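S.K.: task: produce atomic coordinates for the following.
(one chain, ligands or ions: 1)
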Amino acid sequence: MPLYEFYCEKCRKEVSMTLTISEREKGKVACPTCGGRELRPLVGTFFAKTSRKS
Ligand SMILES: [Zn+2]
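M.R.: Numbers count the residues shown, from 1 in each chain. Model (predicted):
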């Protein structure tokens, strides 16, 4: 399962979670700390893993 990083607007900190693709697409992401849904995906981490292929 891929690891995703989000920024929680409520906690004001970064949280990382492992989600399946379908979980993520359904928007079933909630902060593990406060249970809030106000999570902003942190782009960059995903790119760093996939952009280099050669
Ligand atoms: Zn939170």
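S.K.: up against the ion, what does the protein have?
M.R.: With the criterion set to Cβ under 5 Å from the ion, the chain comes near the ion through 8, 10-11, 31, 33-34, 36. (Glycine included, C-beta is placed from N, CA and C.)
S.K.: restricted to buried residues, select the residues you listed in PyMOL.
M.R.: Restricted to the buried members of these, where burial is judged by 16 or more other Cβ atoms under 10 Å, the PyMOL selection command reads as follows:
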select buried, resi 8+31
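S.K.: what sits closest to Arg37 if chain neighbours are left out?
M.R.: With sequence-adjacent residues excluded and distances taken as Cβ to Cβ, 6 or more residues apart in numbering, Arg37 is closest to Ala30, at 5.6 Å.
S.K.: what bits of the protein have low per-residue confidence?
M.R.: Along the chain, the model assigns pLDDT under 70 to residues 44-54.
S.K.: run the last query once more with 90
M.R.: Judged against pLDDT under 90, the low-scoring parts of the chain cover residues 1-5, 17-29, 32, 41-54.
S.K.: in it, what residue spans correspond to helices?
M.R.: 21-25, 45-50 (DSSP state H).
S.K.: what are the ranges of the strands in this protein?
M.R.: In the chain, the segments counted as strands under DSSP state E are 3-8, 13-18, 39-41.
S.K.: and among those, the most buried is which?
M.R.: Each of the strands of the chain was scored by mean neighbour count; the highest is strand 3-8, a mean of 17, by mean count of other Cβ atoms under 10 Å.
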